[in-house]
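Participant: Build me a model:
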Amino acid sequence: MHLGLVVYGSLETVSGGYLYDRKLVQHLRRRGDEVEIISVPWRPYGRGLLDNLSPALSRRLRRASFDLLLQDELVHPSLFRLNHWLRRRVSYPLVAIVHHLRCCEARPAWQNRLYRQVERQYLTSVNGFIFNSHTTRGEVEGLAGAGRPAVVAPPGGDNVPGGVSREEVLNRAAAPGPCRLIFVGNLIPRKGLHTMLSALASLPPQDWLLTVVGGSDLDLSYARAIRCQIAALGLTGRVTLLGTLSPPELAARLRQSHLLAVPSSYEGFGIVYLEAMRFGLPVIAGDAGGPRELVSHGVTGFLVPPGDTTALARGLASLLQNRDLLVHLSLAALAQSASHPTWEGSAAKVREFLDGFLSSRWQA
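Facilitator: Model prediction:
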């Protein structure tokens, strides 16, 4: 197959969605498929809408000889109108890779009304879908209707190498000292680090240490606010900001941690939750979106309402102060992680879908 993939910026961008795209491209190329990356420059949302009028972008897509064009749904502002024009002029189908919808994120209602209108137009402009979760599929079909060919292929958890044994989990929990918490996510408001810090400030400081892993360059003002919050709450000696780590470096941090907490306001899936569970870490996550498919409340971790500092502090305290409960949830998380697919298995499922899609008489 000769495929195109439209993304914003670089495919090497550090985020769960870009990791999904990279793993898929790597698999397709190993299978002998040709994949051409079409990079659209990052722009503010309003300026991205103007890409629909770009002669250069429309010309490049119209002249391409793809068998099929993949599009990361993140690029929807630049394609929501252009796709409708394109479908009348090309012979190849358009398939969107949907990680989560922008209009599902927590923000003022008036903004999400705008995003909902734009995303609905985009979603109705493609011929098929690749979803990372059943939650994402439900959100898309609720907004744009069902009926188009689609596949749900959840991310794998094996990008971070290694894992732990049952014995390692038991020994880790029995070791003296504070509970080592880890937060993994870019420093952006949606990931909820500010809520995490407020919750921890209400707990005995001798009970915990927090390591934060994630890039700070996507939202510089938020990253500055986080540093100010750490200082204002008197947490400087308890919180370590590490920045972005390589997969082996992250594996080492997960192996020595007791608990992952990333109380996002919304996630389409939450790859880091699955990665942490492979290292026997219970997960505290926000209860909006895909985490409900991964985290069993009270079994492998806790789900808390977005922005609810009290509920988050209560969940943290229950594990910080009860090592027996920590062990019980840790072992359950480790066992559950074994049932999830690998990246190779998920990518193979997507390729099988694409191959079948092209073999059938898809409707332009």
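
Participant: mind listing the helices for the stretch 1-150 of the chain?
Facilitator: 16-30, 45-49, 55-63, 76-79, 82-87, 109-123, 134-144 (DSSP state H, counting those that start in this stretch).

Participant: Now do the last one: distance to the chain's middle.
Facilitator: Put plainly, it is helix 134-144. Relative to its chain's centre, helix 134-144 lies at 16 Å (CA atoms, centre = their mean, to the nearest Å).

Participant: what does the third one give?
Facilitator: Helix 55-63 sits 30 Å away from the centroid of its parent chain (CA atoms, centre = their mean).

Participant: Show me the shaky parts of the stretch 251-364 of the chain.
Facilitator: Counting by pLDDT under 70, the low-confidence segments of the stretch 251-364 of the chain come to 361-364.

Participant: count of neighbours near residue 302?
Facilitator: Using other CB atoms under 10 Å, residue 302 has 25 neighbouring residues. Placement of C-beta: from N, CA and C, glycine included.

Participant: likewise residue 87?
Facilitator: Using other CB under 10 Å, residue 87 has 15 neighbouring residues.

Participant: and what of residue 175?
Facilitator: 11.

Participant: next one: residue 235
Facilitator: Neighbour tally, residue 235, other CB under 10 Å: 16.

Participant: ditto for residue 222
Facilitator: 17.

Participant: circling back: let me have the helices of the stretch 1-150 of the chain in JSON lines, adding distance to residue 232 and mean pLDDT as columns.
Facilitator: As requested, those are exported to JSON lines (distance: least, CB to CB, whole Å; pLDDT from 0 to 100):
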{"stretch": "helix 16-30", "distance to residue 232": "30", "mean pLDDT": "96"}
{"stretch": "helix 45-49", "distance to residue 232": "31", "mean pLDDT": "93"}
{"stretch": "helix 55-63", "distance to residue 232": "45", "mean pLDDT": "95"}
{"stretch": "helix 76-79", "distance to residue 232": "36", "mean pLDDT": "97"}
{"stretch": "helix 82-87", "distance to residue 232": "46", "mean pLDDT": "96"}
{"stretch": "helix 109-123", "distance to residue 232": "28", "mean pLDDT": "95"}
{"stretch": "helix 134-144", "distance to residue 232": "35", "mean pLDDT": "96"}
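
Participant: out of the ones you listed, deepest packed?
Facilitator: For the helices of the stretch 1-150 of the chain, average neighbour numbers computed from mean count of other CB atoms under 10 Å are highest in helix 76-79, which has a mean of 25.

Participant: so how far is residue 210 from residue 315?
Facilitator: Going from residue 315 to residue 210 by CB to CB, to the nearest Å gives 15 Å.

Participant: With residue 17 instead?
Facilitator: Taking CB to CB, one finds residue 17 at 25 Å from residue 210.

Participant: just residue 147 next, same as before
Facilitator: Counting by CB to CB, the gap from residue 147 to residue 210 is 46 Å.

Participant: helices and strands around whichever strand or helix holds residue 314, which ones?
Facilitator: Using DSSP states H and E, residue 314 sits within helix 309-320. Judged by 3 or more CB pairs under 8 Å, 6 or more residues apart in numbering; DSSP states H and E, helix 309-320 is in contact with strand 179-184, helix 193-201, strand 259-262, strand 283-286, strand 301-304, helix 323-337.

Participant: Show me what secondary structure element comes after the fourth one.
Facilitator: Beyond strand 283-286 on the C-terminal side, the first helix or strand identified by DSSP H and E is helix 291-294.
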